[in-house]
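Trainee: Give the three-dimensional model of this entry:
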Amino acid sequence: MSKSLKRVARALSDAGLPDTIIEAGETRTAEQAAAACGCEIDQIVKSILFCGVSSGAVRLFLTAGGNRVCAAKASALAGEELGRADVALVRASTGFAIGGVAPIGHLTPQPVWIDPRLLDFKIVWAAAGTPRHVFSIKPRVLMSLSNATDADFVE
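Mentor: Next up is the predicted model:
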């Protein structure tokens, strides 16, 4: 088991949650993940990272698979202009490679916002630290575990 996968499993365990991680095959995109999990695309949690243009601080937005983050709305929530976090920054701050960024188990805590669309479902699926593994979780539990604030930040 990879270090990234172990970190997600440990985060679930430390929270007293069951290990729902499965190897689902290629799940780098929301479409691939939804097909692999047999769920609606909006039940897929996309972990999108941005970087503050002035501060360099990383910000995490958890959005439904069919939605796109609106840069202007995200920047307003963060209180500064945001740009996309590059591959190196994503790896350094989360410990995960792009395509497998989990919403939990990050190396460095950062502010987190969650798309209210995810709260419409009983269960959602998120990357578990690799591009081939996902886990299921109740969205409100994910919100609490990731210390996320629900907010409108999608286009």
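Trainee: What distance do you get for Phe61 to Pro109?
Mentor: Noted for Phe61: a distance of 15 Å to Pro109, by C-beta to C-beta, to the nearest Å. Backbone N, C-alpha and C define where each C-beta goes, glycine included.
Trainee: So for those two, which residue has more residues nearby?
Mentor: Between Phe61 and Pro109, counted using other C-beta atoms under 10 Å, Phe61 has the larger neighbour count: 27 against 11.
Trainee: Where does the residue most central in space within the chain sit: helix, strand or coil?
Mentor: Centrality entry for the chain: nearest residue to the mean C-alpha point is Ser47, 2.7 Å, by C-alpha atoms, centre = their mean. At Ser47 the chain is in strand, as set by DSSP: H, G, I helix; E, B strand; the rest coil.
Trainee: Following the chain past the longest helix seen in the chain, name the next helix or strand.
Mentor: Longest helix in the chain by number of residues (criterion: DSSP state H): helix 3-14. Sequence order places strand 22-23 as the next helix or strand after helix 3-14, per DSSP states H and E.
Trainee: Could you check how far that following strand is from the centre of its chain?
Mentor: The chain centre lies 17 Å from the centre of strand 22-23; the measure is C-alpha atoms, centre = their mean, to the nearest Å.
Trainee: same deal with stretch 97-109?
Mentor: For stretch 97-109, the distance to the chain centre is 7 Å (C-alpha atoms, centre = their mean).
Trainee: Quick one: end-to-end length of it, please.
Mentor: 16 Å (C-alpha to C-alpha, to the nearest Å).
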